[in-house]
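> when you get a sec, could you give me coordinates for this:
(one chain, ligands or ions: 1)
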Amino acid sequence: MVDLPALLISVSFLGDTKPHHRRRVLKQAINQLPEATRSRVYGLSRGTAEHEVDAVLGPNSHTVMVGDEEVHVGLFTEVARINHSCRPNAYYRFSERRLTMEVVAYHAIEPGDEITLSYVPLETPSPVRRQYLKSHWGFDCTCPLCTGPTPDLDESEAWRQKIKSLRETIANARSEGFYHDAIVMTEEWLMFGEWDMQPPLMAAYYDTLADLYFLKGDMVNATRHARMAVDEWVRLGSVDDEGLEKARVFLGRLLLEASDGRHRRG
Ligand SMILES: C[S@@+](CC[C@H](N)C(=O)[O-])C[C@H]1O[C@@H](n2cnc3c(N)ncnc32)[C@H](O)[C@@H]1O
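Here you go, the predicted structure:
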C-alpha cells in the first residue's frame, strides 16, 4: 500500500511558530486541500484536544526525514487508519524520492485480517512501549498481545531481549574479529526471528552475512549473500531504498575485487 501526504510540515515550523499562528496556517493548508482529501483529514480528528488541527495531527501524524536530516511531520490519511500492534504484520517506510509512505507486509496477510503496524521499534521492552504509546500517542495499548495471556507476553518479551542481545553480541564479535562466531549467531538470529514474530528482513540478514563472509575472507559466500541481499531489496521494491543502494555498491565492490584477483592471477 502506498499513501501520499495530505500535509508535510517541517518540525522547525512547528517549533518556531506561535501556537495560534501555527494552527491558523495549518487550518488554511487543510482547507485548501481537494475536498475528498480534506474530508478524510477532518475525519481523522480524535481525542479531546481543544483545537481541531491538534485533534487531527496529534494522534495521526508520522515523523519523516526530508533532505539532510530535516525532520518533518507527515499526515498520511490511509496509513493513519492503521492501528498499532505489539506483534504487527506490516511495517512502514517513507520514500523521500517519491514523498510517499509505503506499508509493506512482513508476510502474507489473509483477507479479513487486520493490517497492523508497530508505532515503536520492535525491540522496545513492554513497559517502555506502553509508556511511549501513552505519552506520544495518548492511548493504552489493547493489541492482542497486550490483552492476551500473560505467558504469551512474557515469551514475547524474552524474545525481544534475546534478539537485542544477539544483535549486540554479533556486533561485538564482528568488531573483535570473531567472524565465524558472528556468522553462526546471525543464523541463530534468523531462527529466533521466525520463531516469534516475523523474521528479520531477509535483505538485512543477507547484508549481514555478506559483510561477515567478506571480513572472514570467504569471497564466494560473501558474493553469494551480497547477490541475495540485492535481490531481496529489489523484491521489497522501493526506488530510494538506502538498503538497496548500499547492497548494490557492496556487491559491485566484491565483483570488482574478484575480477582484480583474477587479473592478478592471470
Ligand atoms: C493512527 S490512529 C489509528 C487508526 C484509528 N484507530 C482509526 O480508526 O482511524 C491512532 C489511534 O488509534 C487508536 N489505537 C491504535 N492502535 C491502538 C492499540 N493498539 N490500542 C489501543 N488503541 C489504539 C488510538 O486511539 C490511537 O490514538
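
> longest helix in this structure, by number of residues?
In the chain, with assignment by DSSP state H, the single longest helix is helix 150-175.

> from the contact counts, what lies against whatever helix or strand comes next after that one?
Going down the chain from helix 150-175, the next helix or strand is helix 179-195, by DSSP states H and E. Where contact means 3 or more CB pairs under 8 Å, 6 or more residues apart in numbering; DSSP states H and E, helix 179-195 is packed against helix 150-175, helix 202-216. To be clear about C-beta, it is placed using only N, CA and C from the backbone, and glycine gets the same treatment.

> next, format those as CSV and append distance to the ligand, mean pLDDT and mean neighbour count.
Converted to CSV, the helices and strands packed on helix 179-195 look like this (distance: least, CB to the nearest ligand atom, whole Å; pLDDT from 0 to 100; neighbours: other CB atoms under 10 Å):
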stretch, distance to the ligand, mean pLDDT, mean neighbour count
helix 150-175, 13, 89, 14
helix 202-216, 26, 91, 20
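
> may I see those organised as CSV, with distance to Thr37 added?
Converted to CSV, the helices and strands packed on helix 179-195 look like this (distance: least, CB to CB, whole Å):
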stretch, distance to Thr37
helix 150-175, 38
helix 202-216, 33
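
> so which elements touch the longest helix of the chain?
Checked by 3+ CB pairs under 8 Å, 6+ apart, helix 150-175 has helix 144-147, helix 179-195, helix 202-216 packed alongside it.

> how about these, which one is nearest Leu251?
Closest approach to Leu251 among the helices and strands packed on helix 150-175 (CB to CB): helix 202-216, 7.8 Å.

> interface residues of the stretch 101-250 of the chain facing the ligand?
Within reach of the ligand by CB under 6 Å from any ligand atom, the stretch 101-250 of the chain has these residues: Trp137, Gly138, Phe139, Cys141, Thr142, Cys143.

> farthest pair in the residues you listed?
Gly138 and Cys143 (15.5 Å).

> buried set for stretch 133-153?
Buried residues in stretch 133-153, counted by 16 or more other CB atoms under 10 Å: Leu133, Trp137, Cys141, Cys143, Leu145, Cys146, Leu153.

> can I get that stretch in PDB? Just the C-alpha atoms.
The C-alpha atoms that make up stretch 133-153 are tabulated as PDB, following Å, rounded to 0.1, in the frame of the first residue of the first chain:
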ATOM      1  CA  LEU A 133       2.300   4.800  23.400                       C
ATOM      2  CA  LYS A 134       0.700   6.700  26.300                       C
ATOM      3  CA  SER A 135       2.800   9.800  26.200                       C
ATOM      4  CA  HIS A 136       3.300  10.200  22.500                       C
ATOM      5  CA  TRP A 137       0.100   8.700  21.100                       C
ATOM      6  CA  GLY A 138      -2.200   9.100  24.100                       C
ATOM      7  CA  PHE A 139      -3.600   5.500  24.300                       C
ATOM      8  CA  ASP A 140      -3.200   2.400  26.400                       C
ATOM      9  CA  CYS A 141      -2.400  -0.500  24.100                       C
ATOM     10  CA  THR A 142      -5.100  -3.000  23.700                       C
ATOM     11  CA  CYS A 143      -3.500  -5.100  21.000                       C
ATOM     12  CA  PRO A 144      -4.000  -8.900  21.100                       C
ATOM     13  CA  LEU A 145      -0.500  -9.400  22.700                       C
ATOM     14  CA  CYS A 146      -1.100  -6.800  25.500                       C
ATOM     15  CA  THR A 147      -4.600  -8.100  26.300                       C
ATOM     16  CA  GLY A 148      -3.800 -11.800  25.700                       C
ATOM     17  CA  PRO A 149      -2.500 -14.400  28.200                       C
ATOM     18  CA  THR A 150       0.400 -13.200  30.300                       C
ATOM     19  CA  PRO A 151       2.700 -16.100  29.300                       C
ATOM     20  CA  ASP A 152       2.500 -15.000  25.700                       C
ATOM     21  CA  LEU A 153       3.500 -11.500  26.600                       C
END
